[in-house]
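Colleague: Have a look; sequence and predicted model below, questions after that.
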Amino acid sequence: MTNSPYTRYRGDDLHGWHAIVKPTWIQLDAICVRAPYAPINTVADGLDMIGEVRRLLSG
């Protein structure tokens, strides 16, 4: 979890504070842009930087 100035919390001092997480869709194609002429390299663990991934984000 990232603790940034944008992280929002809910709770109180008695029960503790918990970060509010939001569902997020991440476009992997936008993070790792591959040149069209570059060869496709596949890593052994199957990492694929194509498509969209749904995760939870805080901050």
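Modeller: Good, I have the coordinates.

Colleague: distance of the closest residue to Leu56 other than its chain neighbours from Asn3?
Modeller: Among residues not flanking Leu56 along the chain, Val21 sits closest, at 4.2 Å (CB to CB, 6 or more residues apart in numbering). (C-beta placed from N, C-alpha, C; glycine too.) Distance of Val21 to Asn3, computed by CB to CB, to the nearest Å: 13 Å.

Colleague: Tell me the pLDDT of the residue of the chain most remote from its centre.
Modeller: Residue distances from the centre of the chain (CA atoms, centre = their mean) peak at Leu14, which lies 30.6 Å from the mean C-alpha position. Note on Leu14: pLDDT of 92.

Colleague: Repeat that for Tyr9.
Modeller: pLDDT, Tyr9: 89.

Colleague: Kindly report the same for the one 10 residues further on.
Modeller: Listed pLDDT for Ala19 reads 86.

Colleague: Name the nearest residue to it, sequence neighbours excluded.
Modeller: Ser58 (4.2 Å).

Colleague: The one you found contacts Thr7, doesn't it?
Modeller: Yes: under the contact definition of CB atoms under 8 Å, Ser58 touches Thr7, with a separation of 5.5 Å.

Colleague: Those two - which one has more neighbours?
Modeller: Ser58 (17 against 14; other CB atoms under 10 Å).

Colleague: Asp12 and Trp25: what is the separation?
Modeller: In terms of CB to CB, Asp12 sits 31 Å off from Trp25.

Colleague: Can you name the residues in contact with the strand or helix carrying Trp25?
Modeller: Element membership for Trp25 (DSSP states H and E) is strand 22-27. Taking contacts as CB atoms under 8 Å, 6 or more residues apart in numbering, the residues outside strand 22-27 that touch it are Glu52, Val53, Arg54, Arg55, Leu56, Leu57, Ser58.

Colleague: what about 7 Å?
Modeller: Residues from elsewhere that reach strand 22-27 (CB atoms under 7 Å, 6 or more residues apart in numbering): Glu52, Val53, Arg54, Arg55, Leu56, Leu57.

Colleague: No further questions, thank you.
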